[in-house]
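Peer 1: Everything below, folded, please.
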Amino acid sequence: MNFEINRLLKILSIIILYSLTLNIHAETNALGQQITVINPEKTKKTKLSEDLSIWSRINSGYKMKQKPSRRIRNFEKWYSKRPEYVERMLERSEKYLFYVTNEVQKRNMPMEIALLPMIESAYNPVATSRKKAAGMWQFIPSTGRIYGLKQNWWIDDRRNVIESTNAALNYLEKLYKDFGTWELALASYNAGEGRISRAIKRNKKNKRSRDYYNLRIPRETKNYVPKLFAIKNIISNPKKYGFTLPEIKNKSYFETVTVKKNIDTQLIARLAEISIEEFQLLNPQYKRPVINVTNMAEKINLPYQNIHIFNYNFHGYNKPLSNWTPYKPKRKESVAQVAKKFGIDRKILIQVNRLERRKSFRRNSTILIPNKDAITTYFPTNINELYNYSSIITHKIKSGETLSHISDKYNISVRDIKEFNELRSDKIIIGDILDIPK
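Peer 2: The predicted model follows:
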């Protein structure tokens, strides 16, 4: 009975807080941390009905002219034969599509651009290609840096839903200005400005059209725009191709909160009453279990309906915000020395920091030191129990030894040795120490 009353009081408090903060953009909690709530619904120039499907809004904003094409028909057939792939992609887009659509419309760009992440990454913000392109807009590291996307030990903004979208639209606008058509802008986005410029110059020299469809360009780029048009046609007329579009309302899935102090991602999820997986899907740019706030505040995304739950819980939270301490190892300081200094298991230090070297750290590197609460949260069980072993012995690699020899000696598989020591290949170095679980 008391539990139900407390629950009702909490819900009532959230409703009251919601009503009081509708027009407030900055709040301060008991720890003095400022929280900024941005409501994208209020920033739109035109009020659009939330009952309208996002698909209707997208379909009404197409601007690119489509020529009859065998390539388009082939890709329509290709997608039609893979309904599970398409359905997963469309469902995945639910969290991000409103934001992308809104930004495309603000810039008066063709609404086809809102579908481009379906071609680039299947709307997967954690997608990574063989060419090291990352995020739903698939920025390579160099282009990402040119367009202001931070990439460091803590964060990769190529996976940041908001930052990468703004960067991609800036880049596409620049390409459209340079090349004059959206087809050529898209081709340049895919193949690079230099390659498309050379193809145009070659056609000009041979007195041929500079039109996208007449350029000598790689097959992938030849297929790029037809793929986009095939997706556009499926979205426009799903029944024709055997699809039912998921219901995605024309409203924001998430809101943005600004934090000014280091805070654990697990804690944010707990205070917002969402799973850590949901938090990571909305904030895939964060590479560590703690958000590191330096000179500038960090912006995090939370589900629209959980923003006031987070604010309510955050206001009443009076414990440390982070269970992790950033640490810069001193020159020649070993992993074992740091582990001993902070009183933690060396294996935990290696695993949590994904250290490639067993003995030393990279120069000027930063690592995270977990406290007991972090270890309990981050590791569901003792590190030995993760591998179902009760003890660890050490083995110094001798001349002529291989992992196979060591595996036979201790009656343990090569795979377990590699996993336990985080080895990426079978290559081992004389004098190195291996941990052997028993």
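Peer 1: count of neighbours near the closest residue to residue 371 other than its chain neighbours?
Peer 2: Counting by Cβ to Cβ, 6 or more residues apart in numbering, residue 371 lies nearest to residue 323, which is 4.9 Å off, once chain neighbours are set aside. All C-beta atoms are positioned from the backbone trio N, CA, C, and that covers glycine. Residue 323 has 22 neighbours, counted by other Cβ atoms under 10 Å.
Peer 1: Quick check: residue 323 vs residue 369, distance?
Peer 2: Look at residue 323 and residue 369: by Cβ to Cβ, to the nearest Å, they are 10 Å apart.
Peer 1: Could I get the pLDDT score of the nearest residue to residue 135 once chain neighbours are set aside?
Peer 2: Counting by Cβ to Cβ, 6+ apart, residue 158 is the residue found nearest to residue 135 once chain neighbours are left out, at 4.1 Å. With respect to pLDDT, residue 158 scores 98.
Peer 1: if we can go back for a sec, show me the contacts for the residue nearest to residue 371.
Peer 2: By Cβ atoms under 8 Å, 6 or more residues apart in numbering, residue 323 lies in contact with 264, 290, 370, 371, 373, 374, 377.
Peer 1: quick one: the third one and residue 345 touch, right?
Peer 2: Meaning residue 370. No. Using Cβ atoms under 8 Å, residue 370 makes no contact with residue 345, being 10.0 Å away.
Peer 1: More neighbours: which of those two?
Peer 2: Using other Cβ under 10 Å as the criterion, residue 370 and residue 345 rank with residue 370 on top: 23 against 16.
Peer 1: re the thing from before, which of the contacts of residue 323 lies closest to residue 132?
Peer 2: residue 290 (25.3 Å; Cβ to Cβ).
Peer 1: what sits against the closest one?
Peer 2: 262, 263, 264, 265, 322, 323, 324, 326, 368.
Peer 1: before we move on, what about residue 182?
Peer 2: Neighbour list for residue 182: 63, 64, 110, 112, 113, 176 [criterion: Cβ under 8 Å, 6+ apart].
Peer 1: What is the burial count for the fourth one?
Peer 2: This points to residue 112. Neighbours around residue 112, by other Cβ under 10 Å: 22.
Peer 1: ditto for the fifth one
Peer 2: Here the neighbour count serves as a burial measure; for residue 113 (other Cβ under 10 Å) it reads 27.
Peer 1: show me where the stretch 151-300 of the chain has helices.
Peer 2: With helices called from DSSP state H, counting those that start in this stretch, the stretch 151-300 of the chain shows them at 161-179, 182-191, 193-205, 219-236, 265-272, 276-282.
Peer 1: With the stretch 301-438 of the chain instead?
Peer 2: 307-315, 335-342, 346-353, 372-378, 403-410, 414-421.
Peer 1: so how far is residue 257 from residue 111?
Peer 2: Taken as Cβ to Cβ, the span from residue 111 to residue 257 is 29 Å.
Peer 1: now do residue 76
Peer 2: Residue 76 sits 41 Å away from residue 257, going by Cβ to Cβ.
Peer 1: More neighbours: which of these two?
Peer 2: residue 257 (22 against 19).
Peer 1: surely the more buried one meets residue 298?
Peer 2: No. Using Cβ under 8 Å, residue 257 is not in contact with residue 298; the gap is 9.4 Å.
Peer 1: So what's the gap between stretch 142-152 and the chain middle?
Peer 2: 14 Å (Cα atoms, centre = their mean, to the nearest Å).
Peer 1: now, the most widely separated pair of the contacts of residue 323?
Peer 2: 290 and 373 (12.0 Å).
Peer 1: give the contact list for the residue nearest the centre of the chain.
Peer 2: For the chain, residue 284 is the residue whose C-alpha lies nearest the centre (Cα atoms, centre = their mean; 2.9 Å). By Cβ under 8 Å, 6+ apart, residue 284 lies in contact with 125, 126, 135, 159, 160, 161.
Peer 1: Of the residues you listed, grab the buried ones for PyMOL.
Peer 2: Listed next is the PyMOL selection for buried residues among the contacts of residue 284, using 16 or more other Cβ atoms under 10 Å:
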select buried, resi 125+135+159+160+161
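Peer 1: Could you let me know which of the contacts of residue 284 ends up closest to residue 411?
Peer 2: residue 126 (38.4 Å).
Peer 1: can you tell me how far the nearest residue to that closest one once chain neighbours are set aside sits from residue 60?
Peer 2: Once flanking residues are discounted, residue 126 sits nearest to residue 284: 4.8 Å by Cβ to Cβ, 6+ apart. Using Cβ to Cβ, residue 284 is found at 30 Å from residue 60.
Peer 1: next one: residue 369
Peer 2: Applying Cβ to Cβ, the value for residue 369 to residue 60 is 53 Å.
Peer 1: And for residue 328, the neighbour number?
Peer 2: So residue 328, with other Cβ under 10 Å, has 10 neighbours.
Peer 1: Can you pull the poorly scored residue ranges out of the stretch 201-350 of the chain?
Peer 2: Of all residues in the stretch 201-350 of the chain, none has pLDDT under 70.
Peer 1: so residue 132 is in which element?
Peer 2: When elements are assigned from DSSP states H and E, residue 132 belongs to no helix and no strand.
Peer 1: if I look at the residue nearest to residue 128 when sequence neighbours are not counted, how far off is residue 261?
Peer 2: Spatial nearest neighbour of residue 128, chain neighbours left out: residue 134 (4.9 Å); criterion: Cβ to Cβ, 6+ apart. Separation of residue 134 from residue 261 (Cβ to Cβ): 27 Å.
Peer 1: more neighbours, these two?
Peer 2: Neighbours per residue, other Cβ under 10 Å: of residue 134 and residue 261, the larger number sits with residue 134, 26 against 14.
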